[in-house]
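Asker: with the sequence up front, the predicted model follows.
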Amino acid sequence: MRILVVEDDLEAQRYLVNGLKEAGHVVDDAADGDIGLTLALSRPYDVAIIDRMLPKLDGLHVVAEMREHGNNMPVLFLSALSEVDDRVKGLKAGGDDYLTKPYAFVELLARIDALMRRRSPSSVKTKLSVGDLELDLLTRTATRNAQAIDLQPREFRLLEYLMRHAGQVVTRTMLLESVWEYHFDPQTNVIDVHISRLRAKIDKGFEVPLLQTVRGAGYMIRAR
Amino acid sequence: MRVESFWHGARGVLRTQAFRIVLIYVFVFAISATVLVGFTYWNTERALDAQTDEIIEAEIVGLTEQYQRMGVRGLADVIASRSMQRGAGSLYLLADNLGRVIAGNLDEWPQSVTRDGSFIEFDYQRRVQGDLVSRRARGKAFSLIGGEFGLLVARDVYERHLTRQLFTTTLPWSVGMMLLFGLIGGALISRNMLRRLDSINRTSAEIVAGDFSRRVPVTGTDDEFDELAENLNHMLDRTERLMKGMREVADSVAHDLRTPLNRLRNRLEEMQRRLDPQSAYADDIESTIAETDRLIATFNALLLIAEADSGAARGAMTAIDLSAVVADVAELYAPLAEEKGIALVVRPAGVATIEGNRSLISQALANLIDNAIKYLPEGGRVEVGVGETPAGVDLMVADSGPGIPEEDRARVLERFVRLESSRNSPGTGLGLSLVAAVVRLHEARLTLADNAPGLKATISFPRPMLRPQKRSE
């Protein structure tokens, strides 16, 4: 995957670029908004990581310009500003996701994976399946090995999100933001308990567990 | 609609201080004007009466002399000759005790006149160009020779009588009109003042509601209202500058601390990635990262409290259903409570709309529920509910836990305060401070009470229409 990193803090930029390269991505970098915009408009990237505050051209303007030129590559904003309405501003300007510094690298990786996946055209599905687990989005029912699984509405949304990102690491924050639409950090890790309940429903009594915990990162659903 | 708004406006005008002052002034003015005019009239009339009386007395003195010298006959002659003088304005009548006219220019003895020698006013008939006209006279009547004859000497006061009549009918009308014009003038003045004050009030309410860019309009008339508006605007500019400055400080503190924290965390993670997982340092680095994350969590919580207090989040207020917020947060915590053997009960309630920031209220509620679950032993019970009150909507979280001693209840809302009993539990110590900041942002009230046993936290949100808002015109 080709990734554009626009970040003026050179130390943070070096770290980002190294980390992404280690994860197997091809990375271009820019240290100001002007160069960042030129690169974004002239080369095809799968995703761009753009700092919110940049010299020469502000991150919000870079994305706004990109969108004006019809460029809809997924953009993840990185911001060191305080949060409350900054997130809204970033998403309004055309950003697809928003991460506040300092962040965990696994969180960033999981999010750009999700962003790149979002681009794939096969998003209009009425059925999701992972192994012998099937989710019917129209009838809102789940079956595993032709056995019906009884899910609460929120459990259904949780499973749907995991299955849409099957094979990818999904972090707790991502789940909290997408399934519960909360942008805060609950003091106790409530997500883990929801996951273990869901796991009891879909994996208990089956030989192959589908829902796995990825240590230090989050969760992943996949058929082995 | 128009009539209603007219009455609303009229009631507004009647309540103003300006109108009351004008009203009092108009009444005082009307009373003093009435007294002044009345006194002047009364004095003038008295002087005119005295003049008339003097003339009559002089006539009587002359007639008495004639009578003493020449008797009744002589008197009759004199009266007859005096009566002939046209235009002198004096009236005479000499009559016998049967009322028969002997001499004089009156046709008959007026009924109301008695012969006791005191001044009286009476009406008499007079022929003017062939028509009989009733006129007013003032004079004195006596008895002569033991009541055998009567003498009446008077002067016509018809003109003065007309003036008085005119005066007594006109005065109440004048006073009434004066009051009416005064009231209209007062209403106009106070409406004008009210309009100016209204614009100041409306602007203040809008600013309180969060729009700090508003300013009181200056009309350019350079009057005291303009002066007030300019002073207020000057004050608002200053406050806005200060608030903006504070926000900028918060923003740059955020930026300047997050950048090095970010580098720190990045480096630790890089070290962790490059280290052999079996290395002796692996655990140290992991716990250092965890410690860094706690530092970041505390920093974020402090920043969020500062932001809620600076009012920056006021822009994101919308109408939200508190019952839905409660249901969502309770649902998030239900599995955790169940796992710990705690009953998390949501008291059913209907739609309860308030104006607020959904994210911050959710977080505040999450902190309260989180706290309750954290400190409850197995078998405990947490109850969450929403209730309409006359003043607004209450959000209540009650638990059966150890509670907070009364003397500590105010203290736990301060930043970083953790009670001795909970010092070893995880958390930043900012959970309740954030709740308090969210409560302040919403102009709500937070009460911590004894749930006997346990703690009962209640956030009382004001009803949306009770919040200061535009005055309906």
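Answerer: Here it is on my side, so go on.

Asker: for the rest of this, base every contact and every neighbour count on C-alpha atoms.
Answerer: Will do.

Asker: which non-adjacent residue is nearest A:Asp203?
Answerer: The spatially closest residue to A:Asp203, leaving aside those adjacent along the chain, is A:Pro209, at 5.2 Å (CA to CA, 6 or more residues apart in numbering or on different chains).

Asker: any buried residues in the lengthiest helix in chain A, and which?
Answerer: Taking DSSP state H as the criterion, chain A has its longest helix at helix A:105-119. Within helix A:105-119, the residues that count as buried by 16 or more other CA atoms under 10 Å in any protein chain shown are A:105-117.

Asker: name the element whatever residue of the stretch 251-400 of chain B ends up closest to chain A belongs to?
Answerer: Distance from chain A to each residue of the stretch 251-400 of chain B (CA to the nearest CA) is smallest for B:Asn262, at 4.1 Å. B:Asn262 belongs to helix B:224-274 when assigned by DSSP states H and E.

Asker: quick one: that helix to chain centroid distance?
Answerer: Helix B:224-274 sits 39 Å away from the centroid of its parent chain (CA atoms, centre = their mean, to the nearest Å).

Asker: after that helix, heading C-terminal, what element do we hit next?
Answerer: Assigned by DSSP H and E, the successor of helix B:224-274 is helix B:282-310.

Asker: remind me what that following helix packs against, helices and strands.
Answerer: In terms of contacts (3 or more CA pairs under 8 Å, 6 or more residues apart in numbering or on different chains; DSSP states H and E), helix B:282-310 is packed against helix B:224-274, helix B:431-441.

Asker: now the angle from that helix to helix B:431-441?
Answerer: Put simply, helix B:282-310 runs at 20 degrees to helix B:431-441, going by axes from the mean of the first three to the mean of the last three CA atoms, to 10 degrees.

Asker: now do the buried residues in helix B:282-310.
Answerer: By neighbour count on 16+ other CA under 10 Å, the buried set for helix B:282-310 is B:282, B:285, B:289, B:292-293, B:296-310.

Asker: repeat for stretch B:252-269
Answerer: B:253-255, B:257-259, B:261-269.

Asker: close to chain A: what parts of the stretch 101-250 of chain B are there?
Answerer: B:Ala250 (CA under 8 Å from any CA of the partner chain).

Asker: for the stretch 101-250 of chain B, which spans come out with low pLDDT?
Answerer: Counting by pLDDT under 70, the stretch 101-250 of chain B shows low-confidence ranges at B:210.

Asker: which parts of it are strands?
Answerer: B:101-104, B:120-128, B:131-144, B:149-156 (DSSP state E, counting those that start in this stretch).

Asker: highest average neighbour count across those?
Answerer: Among these, ranked by average contacts under mean count of other CA atoms under 10 Å in any protein chain shown, first place goes to strand B:149-156 (a mean of 23).

Asker: residue contacts, the residue of the stretch 251-400 of chain B closest to chain A?
Answerer: Under the criterion of CA atoms under 8 Å, 6 or more residues apart in numbering or on different chains, the neighbours of B:Asn262 are A:12, A:101-103.

Asker: roughly how far does the residue lying closest to B:Ile305 once chain neighbours are set aside sit from chain A?
Answerer: Excluding the flanking residues, the one nearest B:Ile305 by CA to CA, 6+ apart is B:Leu434, at 5.5 Å. B:Leu434 sits 12 Å away from chain A, going by CA to the nearest CA, to the nearest Å.

Asker: count the neighbours of B:Leu434 for me.
Answerer: 27 (other CA atoms under 10 Å in any protein chain shown).

Asker: could you do B:Pro405 as well?
Answerer: Neighbour tally, B:Pro405, other CA under 10 Å: 13.

Asker: dihedrals phi and psi, it?
Answerer: When quoted as degrees, to the nearest 10, the phi and psi of B:Pro405 stand at phi -60, psi 140.

Asker: and the residue of chain A found nearest chain B, what does it touch?
Answerer: In chain A, no residue comes nearer to chain B than A:Pro102, which is 4.1 Å away by CA to the nearest CA. Contacts for A:Pro102 (CA under 8 Å, 6+ apart) come out as A:80, B:258-259, B:261-263, B:265, B:296.

Asker: same check, this time on B:Arg381
Answerer: So B:Arg381 contacts B:342-345, B:399-401 (CA under 8 Å, 6+ apart).

Asker: out of these, who's the most crowded?
Answerer: Neighbour max across the contacts of B:Arg381 (other CA under 10 Å) = B:Asp399, 29 neighbours.

Asker: so A:Tyr98, which state does it fall into?
Answerer: Following DSSP: H, G, I helix; E, B strand; the rest coil, A:Tyr98 is assigned to strand.

Asker: that one pairs with what?
Answerer: A:Phe77 (DSSP bridges).

Asker: which residues touch it?
Answerer: Taking CA under 8 Å, 6+ apart as the criterion, A:Tyr98 is in contact with A:76-79, A:87, A:90-91.

Asker: which pLDDT value goes with it?
Answerer: pLDDT for A:Tyr98: 89.

Asker: what's the closest of the contacts of B:Arg381 to B:Leu36?
Answerer: B:Asp399 (78.5 Å; CA to CA).

Asker: angles on the backbone of the closest one, please.
Answerer: Torsion angles, degrees, to the nearest 10, at B:Asp399: phi -130, psi 170.

Asker: can you list phi and psi of the residue nearest to it when sequence neighbours are not counted for me?
Answerer: Leaving aside its sequence neighbours, B:Asp399 sits nearest to B:Val382 (CA to CA, 6+ apart; 4.3 Å). Dihedral pair for B:Val382: phi -120, psi 130, per degrees, to the nearest 10.

Asker: burial count for B:Val382?
Answerer: 22.

Asker: what of B:Ala391?
Answerer: 11.
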